[in-house]
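**Q** I'd like to go over a predicted model; first the sequence, then the structure.
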Amino acid sequence: MNIDDADNATAADEWSAGAAASRFTAVGNTLVSPAFVNDAQLRMFAASSIQTSDWWTREFMVFDGQIVYRGTGGDQARVSVDAGQQITLDFNAGTGVIQ
């Protein structure tokens, strides 16, 4: 799982898919992002060694606490994050929290 954004909010402070500093960490049944280093607009996607589609078809956002997948649709609305915030995702429950 990676977080990437056009405004360099990632822990790596760069737009770099798969950067080690942008990878989520498993904590119990959740995945937790590294802290963002800047205020920015968020983009997230799931990476896989067996991926067979463009990265954006695996993109998703958190809206009102729910994980919403982009799939083959157009760009999703952007979610703003602040420096120091993290995202916690629970894919089993389909939920996410940005705090």
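**A** Structure received.
**Q** Which parts of the protein are helices?
**A** For the chain, helices defined by DSSP state H do not occur.
**Q** Flag the shaky bits of it, pLDDT-wise.
**A** Low-confidence segments of the chain, defined by pLDDT under 70, are located at 1-18.
**Q** centroid residue for it?
**A** Met44 (2.8 Å; Cα atoms, centre = their mean).
**Q** Mind listing the residues bridging to that one?
**A** Here Met44 sits in beta bridges with Ile3, Phe60, going by DSSP bridges.
**Q** Do I have it right that it meets Phe91?
**A** No - contact status for Met44 versus Phe91: not in contact, 11.8 Å apart, counting by Cβ atoms under 8 Å. To be clear about C-beta, it is placed using only N, CA and C from the backbone, and glycine gets the same treatment.
**Q** Spatially nearest residue to Val79, not counting backbone neighbours?
**A** Take Val79 and drop its neighbours on the chain: the residue closest to it by Cβ to Cβ, 6 or more residues apart in numbering is Leu42, 4.7 Å away.
**Q** Any idea how many residues pack against the one you found?
**A** Using other Cβ atoms under 10 Å, the number of residues around Leu42 comes to 23.
**Q** Start at 710, not 1
**A** With the count now opening at 710, the last piece we talked about shows up as Leu751.
**Q** Compute the distance between it and Ser758, please.
**A** As defined by Cβ to Cβ, to the nearest Å, Leu751 lies at a distance of 24 Å from Ser758.
**Q** How about Asp773?
**A** 32 Å.
**Q** Between these two, tell me which one has more neighbours.
**A** Neighbour tally, Asp773 and Ser758, criterion other Cβ under 10 Å: the higher count belongs to Asp773, 7 against 4.
**Q** Angles on the backbone of that one, please.
**A** For Asp773, the backbone dihedrals are phi 50, psi 40 (criterion: degrees, to the nearest 10).
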